[in-house]
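# quick one: sequence and predicted model below, then my questions.
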Amino acid sequence: MADISDFEARIAGALDRIRYQIERRGKAADQAGPEAGPSVDELEQKLAEERVVTAQLEERVKALKERQDSKIATLEKDLEAVRSANAVLEMDLAGLRQAYAELEGMVAKLRGAVEEGVAEPELINRAMKAELDGLRAMQAADAAEIGAVLAELKSVVEEDV
């Protein structure tokens, strides 16, 4: 029981010290007056200014996001155009490879006929046709490649403007 009485006395002393400090600080705040800190009006004005600044920053972020989204959409469109041009180029190159394979076959047959001393006009005509087809395929591949280069240049020029 003596311990409880001792604890009660210690707690009462601590509460007295706390009460004294609170009263002392309250008196100090009363003596300091309004100069002790900013007034409510000043704080509300600062808050309003911060809200304006925050709104401006949000607008800037929104504008940057819209510009970025627009740029990404443009880049995706350009990428799709380049992919299309590359697909056309690949098809033209495949045609060119096939035409050259046919041309090589015709040349081999024609060479064999010449070695045998047999001049077959039909082989000469097919070889010439294969050569013309090869030249057309090469021309189409060149045109597709030029188209791809022009598309790339167009996107670069539009980017700079």
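On my side now, so go ahead.
# distance from the chain centre to the longest helix seen in the chain, please.
The longest helix of the chain (DSSP state H) is helix 40-116. Taking C-alpha atoms, centre = their mean, to the nearest Å, one finds the center of helix 40-116 at 11 Å from the center of the full chain.
# do stretch 16-25 as well
For stretch 16-25, the distance to the chain centre is 62 Å (C-alpha atoms, centre = their mean).
# over to stretch 38-52?
In this view, stretch 38-52 has its centroid 39 Å away from the chain centroid, taken as C-alpha atoms, centre = their mean.
# ok so, going back, just checking, what packs against the longest helix of the chain?
When contacts are defined as 3 or more C-beta pairs under 8 Å, 6 or more residues apart in numbering; DSSP states H and E, helix 40-116 packs onto helix 121-160. Every residue, glycine included, has its C-beta placed from N, CA and C.
# quick check: buried residues in the helix it packs on?
123, 126-127, 130-131, 133-134, 137-138, 140-141, 144-145, 148, 151, 155 (16 or more other C-beta atoms under 10 Å).
# packing partners of it?
Contacts defined by 3+ C-beta pairs under 8 Å, 6+ apart place helix 121-160 against helix 40-116.
# what is the neighbour count of residue 95?
For residue 95, the count of nearby residues is 17 (other C-beta atoms under 10 Å).
# chain neighbours aside, what residue packs nearest to it?
Nearest residue to residue 95, sequence neighbours excluded (C-beta to C-beta, 6 or more residues apart in numbering): residue 137, at 4.4 Å.
# that neighbour contacts residue 91, doesn't it?
No - assessed by C-beta atoms under 8 Å, residue 137 is found out of contact with residue 91, at 10.2 Å.
# list residues touching both of the two?
Counting by C-beta atoms under 8 Å, 6 or more residues apart in numbering, residue 137 and residue 91 have no contacts in common.
# ok, now how distant is the residue positioned nearest the centre of the chain from residue 79?
Per C-alpha atoms, centre = their mean, the C-alpha nearest to the average position across the chain is that of residue 72, at 5.5 Å. In this structure, residue 72 and residue 79 are 10 Å apart, going by C-beta to C-beta, to the nearest Å.
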